[in-house]
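> have a look; sequence and predicted model below, questions after that.
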Amino acid sequence: MANVIAAIEALADIIIANKEKLTELDAAIGDADHGINMARGFEAVRVKLAATTTEDIGAVLKMVGMTLISTVGGASGPLYGTAFMRAAAIAQGQTVINNDTAAEMLRAAIGGIKDRGKAVRGEKTMLDALEPAYEAFTQGMAEGEALPECLELATAAAAAGIEYTKTIIATKGRASYLGERSIGHQDAGATSCYLMLSALTALAKQHRQEA
Amino acid sequence: MANVIAAIEALADIIIANKEKLTELDAAIGDADHGINMARGFEAVRVKLAATTTEDIGAVLKMVGMTLISTVGGASGPLYGTAFMRAAAIAQGQTVINNDTAAEMLRAAIGGIKDRGKAVRGEKTMLDALEPAYEAFTQGMAEGEALPECLELATAAAAAGIEYTKTIIATKGRASYLGERSIGHQDAGATSCYLMLSALTALAKQHRQEA
Amino acid sequence: MVGIVVVSHSAKVAEGICELAGQMAAPGQKLIAAGGMADGSIGTDAFRILAAIEEANTGDGILVMVDLGSAVLSAELALDMLDGELKGQVAIADAPILEGTIAAAVDASIGQSLVSVTKTAEGARDLRKR
Amino acid sequence: MVGIVVVSHSAKVAEGICELAGQMAAPGQKLIAAGGMADGSIGTDAFRILAAIEEANTGDGILVMVDLGSAVLSAELALDMLDGELKGQVAIADAPILEGTIAAAVDASIGQSLVSVTKTAEGARDLRKR
Ligand SMILES: Nc1ncnc2c1ncn2[C@@H]1O[C@H](COP(=O)(O)OP(=O)(O)O)[C@@H](O)[C@H]1O
Ligand SMILES: Nc1ncnc2c1ncn2[C@@H]1O[C@H](COP(=O)(O)OP(=O)(O)O)[C@@H](O)[C@H]1O
Ligand SMILES: [Mg+2]
Ligand SMILES: [Mg+2]
Ligand SMILES: [Mg+2]
Ligand SMILES: [Mg+2]
């Protein structure tokens, strides 16, 4: 995998590029700000990243988490913020990451989102992308796949998770105001999760080709 | 009784002179604005009064009611506003007022306050000054007293009503937030009622002396 | 869509609530703030409420949200000043002002009736925040 | 006196509520607004909440009032960032933000405990406006 700075840049790029799409998804069943929130957060991350010199993955992820907490503004701020902070704790002091550590980081991030948001799978949230993604990732590992393939499997599972969110009622977050009327719409937070995983997949593949 | 303009001026004078006292009373068990509210209202009434030429008591009282509604701001705004409007309806087209009409105006004003505020006597509101005042006024009439004496009796009854408000729990208005802790404090709105009655009494007596 | 009027003693509160509810509402949703007094003081003014009700009126009914008991007095006085036909199309919600307005805006935006929107606003009392 | 922090997605709402509650409160009562984001956007920011909690702290406990579920997430995150001792003195009310803050301010102003003030805030859900 490329270095952590490049990875975070890739996340910022894909989120900012999809600002409008994410906002539109949130407009249908929420308050029309998920893209705005996340883009504001990752714009701030980009600024901090420009001044970052450490290669400590934990330190960089912690910076990302803190920045999202103070700039995103919506529920996704404390949720992604906590997720990055928890992943940071796992990667503390490390400069390269193997499959096992990556899986553990993803697991810790999901745990953070669950602790913070008290949601479970099936409530039409980012968890409906992330939990299947984690399962697919570890499944890939068990089958001996390398990091790019594991990430690719995770991304595909997250995409399926997005489709699944269209079929269920939101019971957490603002979309729960709509009750049954939230059916038929995909969750914005699940979509931003998917986008980030897909950006990491693309980066990992490109990095291997270059290597 | 002097003309209606002089009467309203007397009300404005006494309220504005007691702005701080009324605010202090409201500070103890409310939100510290009754004097500010009422003074703002009667300052606006003064301005309107300067441009008033009609001697129609109903028209002047209606102007007073409308002005209080749009400038007082607190509960006392719609309450006194409604009271003046109801009294105005009784005095419509009249330029002098006898005891009977005065009593009817007071009764109508009280009815307006009750319709608007849905309070009854004993809830620590302006009604605890006004209802005894009305009873004393009509009692004085029954005993053949002239308007100044009737007003004097009404004012004394209102003063007793204020004392009574110290002994009871507020169950309407902001003071009800305090529950039992409202005991021991006198009601600001009952006090502004008393002040207005006392100003009218003084004016009526002075007018008779001058006559 | 049922129009919504937000009456608060504070102009800031009324405006802020309308902004928050507006985020959750359909584009054409009327959310009219009637906060504070004309001179900027804290308080409520029945004439401002009256004007807000007229502004919120699209023919589908109007729900008035209030912050405190004294705002109810001003709102009811405003109703008394309305002409009979419009008066019958206005309801005052006995609901938490912020939570009720947001819930009501979501309901009104999908074209629910005044009765339904009022019930939704009043039901916001039972929404849990966590 | 228990300090009170008002967390809203809207800076206007948080400030306005603090003004309204301040009218009913004793002079020394801490009422700290933590509304909106540092750049003025609508949202909540756990670091602003954290700073507000510290500002509201007088040693008698702090009650945090929130507008919407996502404000709870930021408030709980702020609590997680507090040192252990202070963290134990902070409660987040599951109460209507405006009505609860006013009731809580009255209760806090007469020196009631954090448990009592929290209960009063949460009881505001059952206050009727008329
Ligand atoms: N309690 C929760 N647990 C997990 N995810 C949640 C929760 N609440 C909301 N979300 C996610 O956050 C997304 C909304 O983020 P965003 O629009 O930025 O915040 P807000 O809803 O506060 O405006 C939702 O699409 C959902 O995926
Ligand atoms: N429902 C009511 N019926 C009659 N009088 C009331 C009612 N509510 C409040 N009042 C009177 O209004 C007075 C308070 O007026 P004011 O301080 O101007 O308004 P607010 O309480 O809104 O700040 C109280 O002292 C009381 O006499
Ligand atoms: Mg959103
Ligand atoms: Mg939002
Ligand atoms: Mg007052
Ligand atoms: Mg007031």
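Perfect, I can see it now. Ligands and ions are numbered 1, 2, ... in the order given.
> sec struct for residue C:65, please.
Remark: residue C:65 carries the secondary structure label strand [criterion: DSSP: H, G, I helix; E, B strand; the rest coil].
> does it touch residue C:121 like I think?
Yes. Counting by C-beta atoms under 8 Å, residue C:65 sits close enough to residue C:121 to count as a contact (6.6 Å). Yep, even glycine has a C-beta here, placed from its N, CA and C like the rest.
> and chain A, which residues reach ligand 3?
Remark: the part of chain A in contact with ligand 3 comprises A:26, A:30-31, A:33-34, A:74, using C-beta under 5 Å from the ion.
> residues near residue 30, how many?
As the question left the chain open, I've gone with chain A. The local packing of residue A:30 (other C-beta atoms under 10 Å in any protein chain shown) involves 26 other residues.
> can you look at chain C instead?
Using other C-beta under 10 Å as the criterion, the residues surrounding residue C:30 number 20.
> residue A:85 now?
Burial of residue A:85, expressed as a neighbour count using other C-beta under 10 Å, amounts to 23.
> what about the closest residue to it other than its chain neighbours, which helix or strand?
The spatial neighbour of residue A:85 that comes closest, neighbours along the chain excluded (C-beta to C-beta, 6 or more residues apart in numbering or on different chains), is residue A:65 at 3.8 Å. Secondary structure here is read from DSSP states H and E; on that basis residue A:65 sits in helix A:57-71.
> quick one: buried residues of the longest helix belonging to chain A?
Of all segments of type helix in chain A, defined using DSSP state H, the longest is helix A:188-210. Neighbour counts using 16 or more other C-beta atoms under 10 Å in any protein chain shown place A:188-204, A:207 of helix A:188-210 among the buried residues.
> tell me the residues of chain C that contact chain B?
Counting by C-beta under 8 Å from any C-beta of the partner chain, the residues of chain C lying close to chain B are C:9, C:37-39, C:41-48, C:68-70, C:73-74, C:76-77.
> just the buried members of the residues you listed?
When the residues of chain C next to chain B are checked against 16+ other C-beta under 10 Å, the ones flagged as buried are C:9, C:37, C:41-48, C:68-70, C:73-74, C:76-77.
> now residue C:117: which helix or strand?
Per DSSP H and E, the secondary structure element for residue C:117 is helix C:114-123.
> ok so, going back, tell me the helices and strands packed up against the longest helix of chain A.
Other helices and strands packing on helix A:188-210, by 3 or more C-beta pairs under 8 Å, 6 or more residues apart in numbering or on different chains; DSSP states H and E, are helix A:4-17, helix A:19-29, helix A:34-50, helix A:76-91, helix A:127-142, helix A:147-166.
> following the fourth one, which helix or strand comes up?
What that stands for is helix A:76-91. helix A:99-117.
> where does pLDDT dip in chain A?
When the per-residue scores of chain A are filtered using pLDDT under 70, the ranges that remain are A:1-2.
> not counting residues beside it along the chain, what's closest to the residue in it positioned nearest to ligand 4?
Closest to ligand 4 within chain A is residue A:74: 3.7 Å, counting by C-beta to the ion. Leaving aside its sequence neighbours, residue A:74 sits nearest to residue A:37 (C-beta to C-beta, 6+ apart; 4.3 Å).
> check contacts around that neighbour.
Residue A:37 makes contacts with A:72-74, A:76-77, D:43, as judged by C-beta atoms under 8 Å, 6 or more residues apart in numbering or on different chains.
> re the thing from before, list residues touching both of residue C:65 and residue C:121?
Both residue C:65 and residue C:121 are contacted by C:93, C:95, C:100-101, C:104, under the criterion C-beta under 8 Å, 6+ apart.
> which one of those residues is nearest to chain B?
residue C:93 (17.2 Å; C-beta to the nearest C-beta).
> so which of the shared contacts of residue C:65 and residue C:121 comes closest to ligand 3?
Closest to ligand 3 out of those is residue C:101 (17.3 Å), distances taken as C-beta to the ion.
> surely residue A:89 meets residue A:57?
No. Taking contact to mean C-beta under 8 Å, the distance of 11.0 Å between residue A:89 and residue A:57 leaves them out of contact.
> the two: which is more packed in?
Using other C-beta under 10 Å, the more surrounded residue of residue A:89 and residue A:57 is residue A:57, with 26 against 15.
> from residue C:4, how far off is the residue nearest to that one when sequence neighbours are not counted?
On the basis of C-beta to C-beta, 6+ apart, the spatially nearest residue to residue A:57 that is not a chain neighbour turns out to be residue A:91, at 4.0 Å. Going from residue A:91 to residue C:4 by C-beta to C-beta, to the nearest Å gives 48 Å.
> and what about residue C:72, helix, strand or coil?
For residue C:72, the assignment made with three-state DSSP gives helix.
> tell me which parts of chain C are close to chain D?
In this structure, chain C approaches chain D at residues C:8-17, C:19-20, C:23, C:35, C:42, C:66-69, C:71-72, C:76, C:92, C:94-99, C:102, C:124-126, C:128-130, judged by C-beta under 8 Å from any C-beta.
> wait, a helix at residue C:129?
No. When classified by three-state DSSP, residue C:129 is found to be coil rather than part of a helix.
> correct me if wrong: it contacts residue D:69.
Yes. Residue C:129 is in contact with residue D:69 according to C-beta under 8 Å; the separation is 5.5 Å.
> give the contact list for residue 57.
Answering for chain A, as no chain was given. Contacts of residue A:57 were listed using C-beta under 8 Å, 6+ apart, and they are A:4, A:88, A:91, A:94-95, A:97.
> my bad, the chain I had in mind was chain C
Each residue near residue C:57 by C-beta under 8 Å, 6+ apart is listed here: C:3, C:30, C:86, C:89.
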